[in-house]
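[1] Could you work out the structure for the sequence below:
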Amino acid sequence: MNSFKLSMTLALAGVLLSGCYKFTKPPFFQGELVRMEDTAFGRVIRDHVRSMPDSGDTRVLRDDILSNPRVYRVSEEFLILQKQSAVDASWELVVMTRNRHHIMFCLLLEHETVEIPDGAALRRPQGDPRNPALMASGPPEAVKQLALNLSLTAPKACMALPIADPSKPGETL
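    Numbering: from 1, shown residues only. Down below sits the predicted model:
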């Protein structure tokens with residue numbers, strides 16, 4: 001692997017493994033979540049993820065999706081997966097959306113002008129410089145609204161899974 005590709009892979013992996021926001025508690029209530037396979041878009045995601053190469057770069061995401069997780073449904077083609085961090089007790093969000101030829105799995109990047117609901121707070125924990133994520137906390141409704149505000153308006157770092165050839169309209173992979 002050339003050095004540019006290695007550095008890009010490491011940079012993207014760092015963002016995708018940590019994201020810029022974590023939550024002290026799950027931002028969405030269990031009763032608001034649906035099984036991913038109970039949504040039409042969730043079934044499309046599952047079918048394409050099954051054919052995704054099982055490599056070190058994709059294994060965690062692939063395993064998460066194939067476990068039929070519960071997701072928050074914003075719209076027909078915009079789902080939010082909340083999952084517990086693999087390194088601590090915090091919660092992270094993965095936004096799933098698509099265009100005509102790719103499904104995107106995205107983590108939220110820092111959004112300095114996001115609207116923070118009354119009662120919600122964002123702080124940068126002291127200590128581990130390798131984990132620069134902002135920690136969100138506050139009353140459940142305020143944290144939920146913050147999670148939605150971020151999911152809808154924050155810049156994102158995404159991994160794209162091809163589902164159609166953009167040079168051949170109407171053709172799927």
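
[2] from here on, contacts and neighbour counts on C-alpha atoms
    Noted.

[3] mind listing the strands for the protein?
    21-23, 34-35, 70-75, 78-84, 91-98, 102-108, 121-123, 134-137, 156-162 (DSSP state E).

[4] Against which helices or strands is the fourth one packed?
    Where contact means 3 or more CA pairs under 8 Å, 6 or more residues apart in numbering; DSSP states H and E, strand 78-84 is packed against strand 70-75, strand 91-98.

[5] Give the pairing partners of that strand; include direction for each.
    Paired with strand 78-84 in the same sheet, following DSSP bridges, are strand 70-75 (antiparallel), strand 91-98 (antiparallel).

[6] Is it possible to get TSV of the ones you listed that adds mean neighbour count, distance to Lys25 and mean pLDDT?
    Listed next are these as TSV, based on neighbours: other CA atoms under 10 Å; distance: least, CA to CA, whole Å; pLDDT from 0 to 100:
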stretch	mean neighbour count	distance to Lys25	mean pLDDT
strand 70-75	19	15	97
strand 91-98	22	6	96
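
[7] and those strands as JSON lines, adding distance to Gly119?
    Converted to JSON lines, the strands paired with strand 78-84 look like this (distance: least, CA to CA, whole Å):
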{"stretch": "strand 70-75", "distance to Gly119": "22"}
{"stretch": "strand 91-98", "distance to Gly119": "19"}
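
[8] With that, I have no additional questions.
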